[in-house]
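Colleague: need coordinates for the below:
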Amino acid sequence: MTDVDATAGADTAGADTAGADVAWLAPGEPVDLDNCAREPIHVPGSVQPRGVLLAVSEPDLVVVQASENLAGLTGVVWSDALGRPLADVLGVAPSDAIVRSASAFGDLRERNPVEVTLDVDGDPVPVDAILHRAVLGGARDGHGQPVDGEPPLTNLVVELEHARGPRPFSFPNTYQAVRGTVTELNRASSLQDLYDITARAVRALTGFDRVMVYRYDADYNGEVVAEAKVEGLNSFLGLHYPASDIPAQARALYEKNWLRLISDVDYEPSRIQPVAHPATGQPLDLTYSTLRSVSPIHVEYLQNMGVRASMSISLLQDDRLWGLIACHHYAGPHQPPFATRAAAEFLGSTLSLRLVDRTAEDEVHRALQVRSTMAWLTAATLDEDRPLADTLLGGTSLLDVLPADGVTVCLQGSSGTKGEALPGDVLERVVSWAAARGEELVATDALQQDAPHLGVPLDLVCGVLVLPLPEGQYVLWHRREAVRHVDWGGDPHNKALAEREGDEVRLSPRKSFDRWRETVRERSQPWTPQERGEVLQLRGHLLEALYARSRSIVRAAETLQRSLLSDPTTTDGLEVAVRYVPATREAQVGGDWYDVFGQPDGSTMLVIGDVVGHDVQAAACMAQLRGLLRGIAYDNGDSPARVLGRLDAAIEGLDLRAMATVLVARLSPSDDGGAATLRWSSAGHLPPVTAGPDGTAVTLTGGRPGLLLGVSPAAPRVDAEVRLEAGSTLLLYTDGLVERRDEGFDDGIDRLGVALADLRDASVEEVSDAVLARLVPEGAEDDVALVAVRLRS
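Modeller: Numbers count the residues shown, from 1 in each chain. Predicted coordinates for the structure are as follows:
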């Protein structure tokens with residue numbers, strides 16, 4: 001449990017809330033550190049008394065559960081409210097306002113709060129009503145048995161708080177409160193700027209004594225990365241906290257309910273009556289409740305820390321808890337009004353989006369660099385005049401794929417090292433140990449702990465990543481020890497203390513939260529999951545290169561093409577066939593390629609390209625461009641022209657020195673059946689050819705073909721668009737299909753149109769084979785790539 005993250009530790013108990021098979025605590029069983037992992041924190045049976053809660057049945061709108069403190073706000077005793085219509089408890093006008101809001105479509109929480117005024121003994125009481133629906137389970141008959149086919153039962157949960165802050169509450173008011181901060185976030189130049197701006201803004205907005213941005217790693221170990229506080233408080237900045245501080249069920253709640261407030265840690269919970277819901281016999285699920293009581297263990301932590309009030313805001317990345325904005329107050333109870341909390345939550349959402357954008361930018365840039373390097377190395381391994389080890393350890397090397405202190409390669413009887421070299425006996429021991437494990441990849445950042453029997457000196461190497469390959473071959477990266485200091489919030493190995501309560505001893509939260517420094521030794525920098533995945537991809541490429549070198553040059557060329565040109569993705573409504581035919585006049589790899597892949601929006605990307613040249617360098621460029629284009633175009637709504645523009649910019653920015661003709665097309669299904677819209681852009685490539693359902697062939701010359709890639713990144717790119725009817729066939733191809741020494745391109749394209757028209761009744765697989773047989777019956781003088789697409793009727 002954490003001493004810094006008020007809300008991270010807010011629900012320190014728990015099993016998963018999604019119905020995992022767990023043994024919950026028995027009713028009335030006290031919670032301590034021995035059993036808190038089984039505490040059902042989403043059904044505490046009580047609320048914080050800063051507001052009141054009503055559970056209202058639907059559609060009859062009768063109060064079926066109420067918190068015991070109901071009378072303090074409404075003047076109606078909870079026992080008198082049960083079984084009565086909501087209008088009898090709150091009044092007609094407030095009830096009507098709540099029902100109108102609850103009857104609208106969409107998420108109720110997006111319309112919170114409902115501003116109502118209660119009449120309590122003749123006095124008007126402004127109240128914020130906060131609504132959500134609790135799912136009770138499947139519908140049941142009068143005997144409590146499930147009814148098949150009926151929608152699940154729900155209750156409208158109404159939480160009422162005294163209205164504070166600006167009214168009327170509205171989105172413009174919320175945005176006005178944070179507009180300046182949003183502008184700052186948009187201008188932030190680094191992740192640390194994003195953290196610092198948010199911490200300062202949330203503290204200024206909410207008035208908490210301390211506001212922290214708390215970040216988790218992949219295993220949910222935490223670190224305070226930003227802090228804003230009043231003078232005189234000790235700093236928590238830079239402190240780390242173990243993953244056990246945030247159990248799985250607490251993380252599940254933070255991913256669903258983004259804001260959590262404990263306005264007074266000394267509160268006395270107000271129980272919900274009756275404890276068991278009349279329809280289910282179970283406590284009411286308060287996952288989405290703003291008043292939900294929290295674990296007594298967490299309350300004890302906060303009290304030990306001197307915290308009197310706390311609030312948290314979830315930070316999400318891809319719907320996964322990335323971190324929290326955690327707020328502490330020490331001067332006494334603290335209850336920011338709903339409008340202020342909504343503005344703070346808005347800031348949290350904005351920071352989450354900026355974090356996603358920033359992280360995505362960094363990941364894309366790194367992935368493009370690594371993918372480009374691996375593609376170049378993969379293609380370069382085909383140069384049989386150069387030893388494979390020399391190729392992998394040249395100017396562009398395996399250290400560009402995976403940073404390390406050194407890398408050693410032993411392939412096809414040739415070996416070499418780049419960076420720091422390890423003694424031969426150490427290499428032999430480590431490689432033998434890795435090979436004996438029988439795994440495709442062996443990695444450790446603590447070799448002395450994981451393989452002490454090897455006797456490898458710590459001052460030589462501490463972390464290794466090994467790719468064992470057939471016949472004793474291998475690739476091995478190594479890293480030295482990286483001594484580092486980790487500052488913890490209290491000793492992570494002594495998280496609890498024993499206290500006597502009467503005749504019993506109970507485990508309770510620790511009371512010391514002083515900075516505790518741990519020196520981590522005998523470990524290198526870890527091998528990240530991304531690095532391991534990239535090295536496994538490289539392993540596949542190396543195996544293909546080794547296989548290719550053991551066969552004839554022609555067979556090697558065919559193997560490479562199969563590894564670089566994947567099968568098209570299966571798309572509803574489309575029949576797709578692809579072909580690659582190497583040139584007959586030279587047994588080497590060329591630069592022609594195709595690609596077909598689906599997009600999350602339902603469209604399909606079609607690519608055909610041809611790199612200038614017919615040698616290993618052309619193949620290397622082809623692999624780089626294909627990988628880059630995929631990375632740029634996937635899950636991207638950019639037009640084909642913009643995709644080509646970004647690819648051209650990447651060629652220059654990454655200094656690829658490549659030139660190629662490329663055609664990129666996006667095929668988007670229409671809403672009216674099997675028809676589709678084809679939008680394409682050409683970088684000096686030959687135009688697509690289509691045949692309609694009636695067999696009429698058309699060369700799509702719309703749009704102005706731009707310059708080929710690699711000439712001028714600033715060259716304008718334009719899109720063309722056409723509607724294709726159901727049953728139409730589309731063909732993309734490279735020049736080897738239509739180019740002849742004794743005729744021009746136009747003649748070849750005309751012959752292609754005639755062939756396509758004649759084959760209107762054939763499948764796309766048959767069309768592909770027949771077109772090749774008709775246009776290049778004796779084999780192509782140049783490589784040929786083609787993509788055939790049929791819109792199903």
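
Colleague: use CA for all of it now, contacts and neighbours both
Modeller: Will do.

Colleague: kindly export stretch 343-352 (C-alpha atoms) in PDB.
Modeller: Listed next in PDB are the C-alpha coordinates belonging to stretch 343-352 (Å, rounded to 0.1, in the frame of the first residue of the first chain):
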ATOM      1  CA  ALA A 343     -12.700  20.600 -14.100                       C
ATOM      2  CA  ALA A 344      -9.900  18.600 -12.500                       C
ATOM      3  CA  GLU A 345     -11.200  15.400 -14.100                       C
ATOM      4  CA  PHE A 346     -11.200  17.300 -17.400                       C
ATOM      5  CA  LEU A 347      -7.600  18.100 -16.900                       C
ATOM      6  CA  GLY A 348      -6.800  14.500 -16.200                       C
ATOM      7  CA  SER A 349      -8.500  13.400 -19.400                       C
ATOM      8  CA  THR A 350      -6.600  16.100 -21.300                       C
ATOM      9  CA  LEU A 351      -3.300  14.900 -19.800                       C
ATOM     10  CA  SER A 352      -4.200  11.300 -20.700                       C
END
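
Colleague: buried ones in that stretch?
Modeller: 343-352 (16 or more other Cα atoms under 10 Å).

Colleague: which ones are touching A788?
Modeller: 576-578, 729-732, 764-765, 767-768 (Cα atoms under 8 Å, 6 or more residues apart in numbering).

Colleague: what helix or strand does it sit in?
Modeller: Per DSSP states H and E: A788 is located in strand 784-791.

Colleague: got it, and I130?
Modeller: Counting by DSSP H and E, I130 is part of strand 123-137.

Colleague: same question for L73.
Modeller: Counting by DSSP H and E, L73 is part of helix 70-74.

Colleague: following that helix, which helix or strand shows up next?
Modeller: As assigned by DSSP H and E, the chain's next helix or strand after helix 70-74 is helix 78-81.

Colleague: return the set of buried residues in that next one.
Modeller: 78, 81.

Colleague: what residues sit buried inside stretch 402-415?
Modeller: Neighbour count says stretch 402-415 has 402, 404-412, 415 buried, by 16+ other Cα under 10 Å.

Colleague: where's the dip in pLDDT among those?
Modeller: Going through the buried residues of stretch 402-415 one by one, the lowest pLDDT turns up at Q412, 77.

Colleague: P44: which of the buried residues of stretch 343-352 is nearest?
Modeller: E345 (24.1 Å; Cα to Cα).

Colleague: can I get the buried residues of stretch 402-415 in JSON lines with distance to T604?
Modeller: Formatted as JSON lines, the buried residues of stretch 402-415 follow (distance: Cα to Cα, whole Å):
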{"residue": "L402", "distance to T604": "33"}
{"residue": "A404", "distance to T604": "39"}
{"residue": "D405", "distance to T604": "43"}
{"residue": "G406", "distance to T604": "42"}
{"residue": "V407", "distance to T604": "40"}
{"residue": "T408", "distance to T604": "42"}
{"residue": "V409", "distance to T604": "40"}
{"residue": "C410", "distance to T604": "42"}
{"residue": "L411", "distance to T604": "40"}
{"residue": "Q412", "distance to T604": "42"}
{"residue": "S415", "distance to T604": "44"}
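
Colleague: next structured bit after the strand holding I130?
Modeller: strand 153-162.
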